[in-house]
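[1] Take a look and give me a structure for this.
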Amino acid sequence: MSFQIMSLTDAAAERITEIIEDSDRPVVGLRVGIKNAGCAGVSYTMEYVETPIAGDDHVQDKGVNVWVDPKATMYLLGTVMDFEAGKMGSSFTFNNPNQTGACGCGESVTLAPADLKALAEARTSV
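    The predicted structure is shown next:
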């Protein structure tokens, strides 16, 4: 049984499209991952993709390509990536059902691996 790793909001897809169009080099999408950081454990990473890395998981949503570092896949299953702009700045945000905590400053989060059994049960009950 396969699951869609991530999905994008319209705002995230529009911002990724803008990034690709405004890049001074040939960018085909973004790569999302996680790294050890901060007081809560990990932070999300994003980088331009000029050439996809073999072995990365590929998500195509709303006409946008996102590749996921395979080391992050189990922590990102079910995540919705959004883009929010406000008076104090703008950033991508991640609504991640696998998040179990966050630090007070918002720089890092605590993630648990996705519960595949629960995901499978949720899929069959729809």
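[2] which residues of the protein score low on pLDDT?
    1-3, 38, 40, 104-109, 112, 116-126 (pLDDT under 70).
[3] Next secondary structure after the longest helix seen in it?
    Scanning the chain for the helix with the most residues, using DSSP state H, yields helix 10-22. Per DSSP states H and E, the first helix or strand lying C-terminal to helix 10-22 is strand 29-37.
[4] Do you have the strands of the protein handy? List them.
    Under the criterion DSSP state E, the chain contains strands at 6-8, 29-37, 41-49, 57-61, 64-68, 79-86, 89-95, 99-102, 109-111.
[5] Export those as CSV, with columns for distance to E14 and mean neighbour count.
    For the C-beta atoms, the positions are set from N, CA and C on the backbone; glycine is no exception. Below are those laid out as CSV (distance: least, Cβ to Cβ, whole Å; neighbours: other Cβ atoms under 10 Å):
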stretch, distance to E14, mean neighbour count
strand 6-8, 9, 21
strand 29-37, 13, 18
strand 41-49, 16, 16
strand 57-61, 12, 16
strand 64-68, 9, 21
strand 79-86, 7, 17
strand 89-95, 12, 14
strand 99-102, 24, 14
strand 109-111, 24, 20
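[6] Figure out which of those strands is closest to R15.
    Taking Cβ to Cβ, strand 79-86 is the member of those nearest to R15, at 4.1 Å.
[7] Listing partners with orientation, what would you give for the closest one?
    Paired strands of strand 79-86, with direction, are strand 6-8 (parallel), strand 89-95 (antiparallel) (DSSP bridges).
[8] If anything else comes up later, I'll come back, but that's it for now.
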